[in-house]
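Chemist: structure for the following, please:
(chains A and B)
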Amino acid sequence: MSVTSAEHRGQGGQVGAGGQAAATHRVPDRPTDRQPPLAVKIVVAGGFGVGKTTAVAAISDIPPLTTEAQMTSASIGVDDLRTGSPKTSTTVAMDFGCVKLDRALKLYLFGTPGQARFGFMWDDLIRGAMGAVVIVDSLRLDDCYSSVDYFEKSQLPFIVAVNTFNGVLSHPLKDIRWALAVGDDVPVVAFDARRRTSVRDTLLIMLDRALDMALNPQSGGAHAAPGEAAGR
Amino acid sequence: MTPDAAGGEPPAGLPAADDAERADTDAASWFTGARPVPGTDTGPPPHIRPYLNRAAPVVRTEGASLPLPVRVRNPGALAVPRRRRPDEPSGRTRALPPGPTATPRRDAAPPEARTRHGAGWAGRARDGDDEPPPDAVPRPFVLTAGRVATEDPYIGMETQVTARSGGSPPGDLAPQLSAIVTLCAEPTSVAEISARLRMHLGVARILVADLHAAGLLDVPGEDAGKATDPDLIMRVMRGVRDLS
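Modeler: Model (predicted):
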């Protein structure tokens, strides 16, 4: 689409005059305009090396990209013993992927930074998200406890997904559910992060949980998931 | 069925996508962990044996090549402690408090301390330093002239950004800004801008906001799509369900 310079300046003037209006409402006399696709976000959380990036890669249209954010250690309260100063900067990285669901809808999957102690920045990460999947390695269950703590306190729909290796669960889901001490309404499922169909099914369970919570905001869900099975 | 990334057929125990009815049954039982997966190695791997309750025998069924997952009779035999819920009365909580501060375990510096000393510089700094330390590198937000907040619509990492002029930036634009406008000829998320142009997420966000204020980029409004809208959730479910 082409825009004449006069039109361009006019748009600039409109915006400068204090409108979000020009951006939030498409100007009707631009016939070549079309709405950008809608973007929704799902957070993939879990401890270090549990399979977040693998899961994102399995479902993403493109190989996962990495975005980096700069954090000062003072803001996260970590004492850097090497320099003896709390004021050094550090970079946290998040892998993410994108699935085009239809012509006008894109789903982004953002992996949380691997280090659990950067939990504070997750407020920004989960803002506007549709839900979260907390991936768990059943051999290192306590790696995910801080993630589960965080999502329980947040209002975000979330599920726990136990990554299986070669299709084998090392503990029954019932015992994993007991160890995680999550409510009966939080689905706990097993999946294989390497397999696209398995990750897809896990996302569907999370979306079902999100729908449940959206339709029943007061109770936080119409019914508890029966045992550890998927809701249906 | 998409082929396994490692090559070959998927394991027999997993549901086949082209048989929807059978897949539902298989998926449900597979998710509960009750279904043995044939064709894999027998016996629990050595590294999880410490987690097993020694009193629980390995159960084998006739004809199966794999024992059922070993039932850990006493959940307390799991070698990890049960997660302590934040509302349980006890000495220590594992929960992260809300807000941008660290957990109670750590010595969190008060927010004012961040800006008092050498806030624009990364690298070693000591109390009372006004000069940047010798090994300092300007922090990314210095490039954005110290702006950290905007009055624009919320710009999230997934927010779709589109260039107004179809991706041709004005000639007098700084290289970084020009690169953003060019990249956004097609709708692009702020995270993708950050990743592809190799800039920090916070910087990308602020530059997008500046370009939006200058009329060069379009950013959707707040009413573009609420993640708690049931219709949107169902639309996403339909799209995800149709992925193969």
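Chemist: what about the strands in chain A?
Modeler: Using DSSP state E, the strands found in chain A span residues A:38-46, A:65-72, A:89-102, A:105-111, A:131-137, A:158-163, A:188-191.
Chemist: now those strands in a markdown table, with distance to chain B?
Modeler: (Each C-beta comes from the backbone N, C-alpha and C, glycine too.) As requested, these are exported to a markdown table (distance: least, CB to the nearest CB, whole Å):
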| stretch | distance to chain B |
| --- | --- |
| strand A:38-46 | 4 |
| strand A:65-72 | 4 |
| strand A:89-102 | 3 |
| strand A:105-111 | 4 |
| strand A:131-137 | 8 |
| strand A:158-163 | 8 |
| strand A:188-191 | 5 |
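Chemist: isn't A:C144 right up against A:V44?
Modeler: No: applying CB atoms under 8 Å as the test, A:C144 and A:V44 come out as separate, 11.9 Å apart.
Chemist: related to what we said a few turns ago, looking at the strands of chain A, spot the one closest to B:G239.
Modeler: Nearest to B:G239 among the strands of chain A is strand A:89-102; the distance by CB to CB comes to 2.8 Å.
Chemist: neighbouring strands - and their directions - for that closest one?
Modeler: Strand A:89-102 sits in its sheet next to strand A:65-72 (antiparallel), strand A:105-111 (antiparallel), going by DSSP bridges.
Chemist: mean pLDDT lowest where, among the ones you listed?
Modeler: Ranked by mean pLDDT, the strands paired with strand A:89-102 bottom out at strand A:65-72, which scores a mean of 80.
Chemist: circling back to that earlier point, out of the strands paired with strand A:89-102, which is the most enclosed?
Modeler: strand A:105-111 (a mean of 24; mean count of other CB atoms under 10 Å in any protein chain shown).
Chemist: ok, and what's touching it?
Modeler: When contacts are defined by CB atoms under 8 Å, 6 or more residues apart in numbering or on different chains, strand A:105-111 is touched by residues A:37-45, A:52-53, A:55-56, A:59-60, A:64, A:94-101, A:125, A:129, B:157-158, B:160, B:189, B:191, B:235-236, B:239-240.
Chemist: quick one, it and strand A:131-137 angle?
Modeler: Relative orientation of strand A:105-111 versus strand A:131-137 (axes from the mean of the first three to the mean of the last three CA atoms, to 10 degrees): 40 degrees.
Chemist: so where does the residue lying closest to B:L197 once chain neighbours are set aside fall, helix or strand?
Modeler: Nearest residue to B:L197, sequence neighbours excluded (CB to CB, 6 or more residues apart in numbering or on different chains): B:A179, at 5.4 Å. Using DSSP states H and E, B:A179 sits within helix B:175-183.
Chemist: residues contacting that helix, please?
Modeler: So helix B:175-183 is contacted by B:143, B:161, B:163, B:165, B:167-169, B:173, B:192-193, B:196-197, B:199, B:204, B:207-208, B:210-211, B:216-217 (CB under 8 Å, 6+ apart).
Chemist: of these, which belong to helices?
Modeler: Using DSSP state H, the members of these that fall within helices are B:L143, B:E192, B:I193, B:R196, B:A204, B:L207, B:V208, B:D210, B:L211.
Chemist: which strands and helices sit next to the helix ranked longest in chain A?
Modeler: Criterion DSSP H: the longest helix present in chain A is helix A:196-215. The elements that helix A:196-215 packs onto, with contact taken as 3 or more CB pairs under 8 Å, 6 or more residues apart in numbering or on different chains; DSSP states H and E, are helix A:52-59, strand A:131-137, strand A:158-163, strand A:188-191, helix B:230-241.
Chemist: of the ones you listed, which approaches A:Q218 most closely?
Modeler: helix B:230-241 (14.7 Å).
Chemist: circling back: more neighbours, A:C144 and A:V44?
Modeler: Taking other CB atoms under 10 Å in any protein chain shown, A:C144 and A:V44 do not tie; A:V44 has more neighbours (30 against 24).
Chemist: what about the spatially closest residue to B:R82 that is not a sequence neighbour, how many residues nearby?
Modeler: Among residues not flanking B:R82 along the chain, A:A179 sits closest, at 5.3 Å (CB to CB, 6+ apart). The local packing of A:A179 (other CB under 10 Å) involves 23 other residues.
Chemist: then B:P175?
Modeler: 8.
Chemist: now do A:W178
Modeler: 18.
Chemist: and it, how far is that from chain B?
Modeler: 5 Å (CB to the nearest CB, to the nearest Å).
Chemist: returning to that earlier point: just the buried subset of the contacts of helix B:175-183, please.
Modeler: B:161, B:163, B:165, B:169, B:173, B:192-193, B:199, B:204, B:207-208, B:210-211, B:216-217 (16 or more other CB atoms under 10 Å in any protein chain shown).
Chemist: any idea which of these is closest to chain A?
Modeler: B:S165 (5.1 Å; CB to the nearest CB).
Chemist: any low-confidence regions in chain A?
Modeler: For chain A, applying pLDDT under 70 flags the ranges A:1-34, A:71-89, A:114-120, A:219-232.
Chemist: OK, contacts around A:I42?
Modeler: By CB under 8 Å, 6+ apart, the contact set of A:I42 is A:L107, A:Y108, A:L109, A:F110, A:A129, A:M130, A:G131, A:A132, A:V133, A:L203, A:M206.
Chemist: on that earlier part again, now, of the contacts of strand A:105-111, which are buried?
Modeler: Buried by 16+ other CB under 10 Å: A:37-45, A:52-53, A:55-56, A:59-60, A:64, A:94-99, A:101, A:125, A:129, B:157-158, B:160, B:189, B:191, B:235-236, B:239-240, out of the contacts of strand A:105-111.
Chemist: need the residues that contact the longest strand belonging to chain B.
Modeler: Determined from DSSP E, the single longest strand within chain B is strand B:160-163. Strand B:160-163 has contacts (CB under 8 Å, 6+ apart) with A:36-39, A:106, B:169, B:180-182, B:184-190, B:193, B:208, B:212, B:216-220.
Chemist: one more pass at 6 Å, please.
Modeler: A:P36, A:A39, B:V181, B:C184, B:A185, B:P187, B:T188, B:V208, B:L217, B:D218, B:V219 (CB atoms under 6 Å, 6 or more residues apart in numbering or on different chains).
Chemist: tell me the most packed of these, by neighbour count.
Modeler: B:C184 (27 neighbours).
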